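**Student:** Test case, fold it:
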Amino acid sequence: MPDVLFVCSGNTCRSPMAECLFNALCQKRRLPYRAESAGLYARDGDVATDGAFYEMKRRGLSLNRHVAQTLSGVLIRDTRLVVAMGESYANRVKDRFPEARVVAFSPPVLDPFGGSDAVYRKTADDLENRMDWVLASLNALEKE
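**Tutor:** Below is the predicted model:
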């Protein structure tokens with residue numbers, strides 16, 4: 001059961017990078033949390049884009065085992081907190097799964113799909129800078 005589920009469109013760029021960065025941060029800080037990722041419109045079985053793969057590799061992380069998965073009721077049921085890449089994604093998740101605890105990045109995270117290495121790096125930097133906010137959102141749930 002993941003503590004956090006990162007959600008984007010296709011589960012090949014932003015959400016896999018967020019999952020990878022979050023899990024690396026938790027491992028580094030010895031926190032007991034674990035993330036997964038999914039896409040609203042993912043094609044099950046797709047791998048991470050080359051840009052996402054190489055950006056994580058550049059950071060000493062790996063998306064070798066990433067396989068895209070479509071957001072489902074099973075994933076929602078087994079997740080403590082859903083983190084959407086923007087408010088529009090959060091609204092779609094809430095419409096489909098009203099029981100989900102959903103927060104959204106604001107402003108939305110730029111979709112690097114089809115972009116240059118620099119665009120992927122900028123998106124990964126942005127995601128990495130938001131991980132403490134994700135941890136704070138998760139900690140707020142524990143206090144409820």
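**Student:** how far is stretch 42-53 from where the chain is centred?
**Tutor:** In terms of CA atoms, centre = their mean, to the nearest Å, the centre of stretch 42-53 is found 13 Å from the chain centre.
**Student:** buried ones in that stretch?
**Tutor:** For stretch 42-53, a neighbour-count test (16 or more other CB atoms under 10 Å) marks 42, 46, 48, 49, 51, 52, 53 as buried. Where you see a C-beta, it was placed from the backbone N, CA and C, and this is true even at glycine.
**Student:** Adding pLDDT and secondary structure, write these out as TSV.
**Tutor:** Listed next are these as TSV, based on pLDDT from 0 to 100; DSSP: H, G, I helix; E, B strand; the rest coil:
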residue	pLDDT	secondary structure
42	98	coil
46	97	coil
48	98	coil
49	98	coil
51	98	helix
52	98	helix
53	98	helix
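**Student:** which one among these gets closest to residue 87?
**Tutor:** Nearest to residue 87 among those, counting by CB to CB, is residue 42 at 19.7 Å.
**Student:** so who does the closest one touch?
**Tutor:** 9, 10, 11, 12, 68, 69, 70, 71 (CB atoms under 8 Å, 6 or more residues apart in numbering).
**Student:** ok, of those, which come out buried?
**Tutor:** Of these, these count as buried by 16+ other CB under 10 Å: 9, 10, 11, 12, 68, 69, 71.
**Student:** residues contacting the second one?
**Tutor:** Okay, so that is residue 10. Going by CB under 8 Å, 6+ apart, residue 10 touches 39, 41, 42, 43, 46, 68, 113.
**Student:** right, and the fifth one touches residue 13 too?
**Tutor:** In this case it means residue 46. No. Counting by CB atoms under 8 Å, residue 13 is not a contact partner of residue 46; they are 10.6 Å apart.
**Student:** thinking again about what came up before, would you turn the buried residues of stretch 42-53 into CSV with distance to residue 26?
**Tutor:** As requested, those are exported to CSV (distance: CB to CB, whole Å):
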residue, distance to residue 26
42, 23
46, 25
48, 20
49, 24
51, 24
52, 19
53, 21
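**Student:** Out of the residues you listed, which is nearest to residue 144?
**Tutor:** Comparing those against residue 144 with CB to CB picks out residue 42 as the nearest, at 29.8 Å.
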